[in-house]
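Chemist: quick one, structure for this:
(2 chains)
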Protein chains: 2
Amino acid sequence: MKLYDSKHAPNPRRVRIFLAEKGIVVPIVQVNLRDNEQFSAGFGEINPFRMVPVLELDDGLRISESVAICRYFEEVHPEPALFGRDPVEKAVVEEWQRRVEFDGFQPVMETFRNSTPGLKGRALPGPHGYEQIPEIAERGRKRIANFLRLLDWRLADHEFIAGPNFSVADITVLTAYDFGFRAKVLVPPEDAPHLKRWHEAVSRRASASA
Amino acid sequence: MKLYDSKHAPNPRRVRIFLAEKGIVVPIVQVNLRDNEQFSAGFGEINPFRMVPVLELDDGLRISESVAICRYFEEVHPEPALFGRDPVEKAVVEEWQRRVEFDGFQPVMETFRNSTPGLKGRALPGPHGYEQIPEIAERGRKRIANFLRLLDWRLADHEFIAGPNFSVADITVLTAYDFGFRAKVLVPPEDAPHLKRWHEAVSRRASASA
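Modeler: Residues are numbered from 1 along each chain as shown, chains lettered A, B, ... in the order given. Model prediction:
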């Protein structure tokens, strides 16, 4: 088994944090996105979608999507549960995981990709070249601000995003938040004490440095 | 238990097809999106995110996201499995479910919402008003064409989207395909025999009329 990874992208970090929470160690192969290694002929054989992370199992099967890789490890290594424990908790984790993906992770990524000069002609990841649309980046900043207000509201009476337990939804938000902050597309709000409390708490977990 | 539903939107249809495949009957409450009932004070109490579907459990807990509702029913009524049976199959279903969501369902919805006159100021679902961006609709048509080519390639050697078994990924594609076709944002390609075979087969299932 091996994991194709990159230190410079948020999706691989989701998997690294997930593995760290479970105490799983997987051999890593670094893919150099800054040198566009994902567009090399060799990597095209590994993932025609030209994205990381990719998990390669011992029989050669490859799973090339971050949350799908997390699901695989949840099944083979259930503890601690990061997708919920019973039907209701699993549904609530899925609800928030999808909400933060669509309303948080995606706005961060679309703002970054549609405003970064080095990504001209690559405004969406993958094999197709799509031109940047500046209006998407402009809208994205409003979406991110709305998202952070939503999180502060949610975290006012929940310890973690999906409820009392740390879950994959927290991992999605943490990776989006930190990537967006470093890329200067996410501005932490001043009047969001619950969000601040949550971000400090999840950042102190050992997994956050993964 | 009851399900807040709408006959005119693709996300509620995902849940209806899912329930039909499992043979589950849930009492339905229709929400009239054409009269903007989702923005009424009453519905705001049910779902502040202003979207359908919403599943209300007997204890009052509400799950307000289509795939999260499907996950709940997968847990309480596992057969037939629609999210995969073993760790690898579950990972592959998740991989394709997310791929078709991001590369198919979303382009159909963003093309529709950014080009439909009646949705001015509501280019994204939910409580926030976002203006339409015509370039997104223009790009969306290219994304949909690329997506349909991807599906034809995938279905050349797989009976269903995620492999040998019908899954939630097929439901996502079917709802996106049919909604996009009726909304005239998706044009079925002429030279896609595998996609045509798949669409005819899944449309013949009893669940497709749900």
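
Chemist: does residue A:101 touch residue A:173 like I think?
Modeler: No. With contact defined as CB atoms under 8 Å, residue A:101 does not count as touching residue A:173 (9.4 Å). Quick note: C-beta positions are derived from backbone N, CA and C, even for glycine.

Chemist: looking only at neighbour counts, state which of those two leads.
Modeler: residue A:173 (27 against 19; other CB atoms under 10 Å in any protein chain shown).

Chemist: confidence score at that one?
Modeler: On pLDDT, residue A:173 comes in at 98.

Chemist: do the helix or strand containing residue A:21 and chain B meet at all?
Modeler: Using DSSP states H and E, residue A:21 sits within helix A:10-22. No. Shown here: helix A:10-22 not in contact with chain B (CB under 8 Å from any CB of the partner chain), separated by at least 10.9 Å.

Chemist: next, the residues that contact that helix from outside, please.
Modeler: A:3, A:5-6, A:25-26, A:51-53, A:55, A:66-67, A:69-70, A:73, A:77, A:79-80, A:82, A:105, A:108-109, A:166, A:168, A:171-172, A:174-176, A:178-179, A:205-208, A:210 (CB atoms under 8 Å, 6 or more residues apart in numbering or on different chains).

Chemist: how about the residues of chain A by chain B?
Modeler: A:49, A:57, A:61, A:63-65, A:67-69, A:71-72, A:75-76, A:86-88, A:90-92, A:94-95, A:98-99, A:103, A:124, A:126, A:128, A:130-131, A:133, A:135-136, A:139, A:142-143, A:146.

Chemist: now the buried members of those.
Modeler: Among those, those scoring as buried are A:49, A:63-65, A:67-69, A:71-72, A:75, A:87-88, A:90-92, A:94-95, A:98-99, A:103, A:124, A:126, A:130, A:133, A:136, A:139, A:143, A:146 (criterion: 16 or more other CB atoms under 10 Å in any protein chain shown).

Chemist: related to what we said a few turns ago, among the residues of chain A next to chain B, name the ones in helices.
Modeler: Within these, residues falling in helices by DSSP state H are A:67-69, A:71-72, A:75-76, A:87-88, A:90-92, A:94-95, A:98-99, A:135-136, A:139, A:142-143, A:146.

Chemist: quick one: buried residues of stretch A:197-210?
Modeler: For stretch A:197-210, a neighbour-count test (16+ other CB under 10 Å) marks A:198-199, A:202, A:207-208, A:210 as buried.

Chemist: for the helix or strand of chain A with the lowest mean pLDDT, what is the distance to the chain centroid?
Modeler: Lowest mean confidence among the helices and strands of chain A (mean pLDDT, DSSP states H and E): helix A:41-46, at a mean of 91. For helix A:41-46, the separation from the chain centroid amounts to 23 Å (computed by CA atoms, centre = their mean, to the nearest Å).

Chemist: again with stretch A:120-131
Modeler: 19 Å.

Chemist: show the end-to-end separation of that stretch, please.
Modeler: This stretch, stretch A:120-131, spans 6 Å end to end (CA to CA, to the nearest Å).

Chemist: let me know the average pLDDT across that stretch.
Modeler: The model assigns stretch A:120-131 a mean pLDDT of 94.

Chemist: what of stretch A:146-162?
Modeler: Across stretch A:146-162, pLDDT averages out at 98.

Chemist: look up which helix or strand residue A:3 falls in, please.
Modeler: Taking DSSP H and E as the criterion, residue A:3 maps to strand A:2-5.

Chemist: what pLDDT, on average, does that strand get?
Modeler: On average, strand A:2-5 scores 97.

Chemist: list the helices and strands it packs on?
Modeler: Where contact means 3 or more CB pairs under 8 Å, 6 or more residues apart in numbering or on different chains; DSSP states H and E, strand A:2-5 is packed against helix A:10-22, strand A:28-30, strand A:54-56.

Chemist: which residues does the most far-flung residue of chain A relative to its centre contact?
Modeler: Distance from the C-alpha centroid of chain A peaks at residue A:59, with 26.6 Å (CA atoms, centre = their mean). By CB under 8 Å, 6+ apart, no residues touch residue A:59.

Chemist: now do the SS call for it.
Modeler: coil (DSSP: H, G, I helix; E, B strand; the rest coil).

Chemist: phi, psi for it please.
Modeler: Backbone geometry at residue A:59, expressed as degrees, to the nearest 10, gives phi -90, psi 0.

Chemist: mind checking pLDDT for it?
Modeler: The confidence metric pLDDT takes the value 97 at residue A:59.
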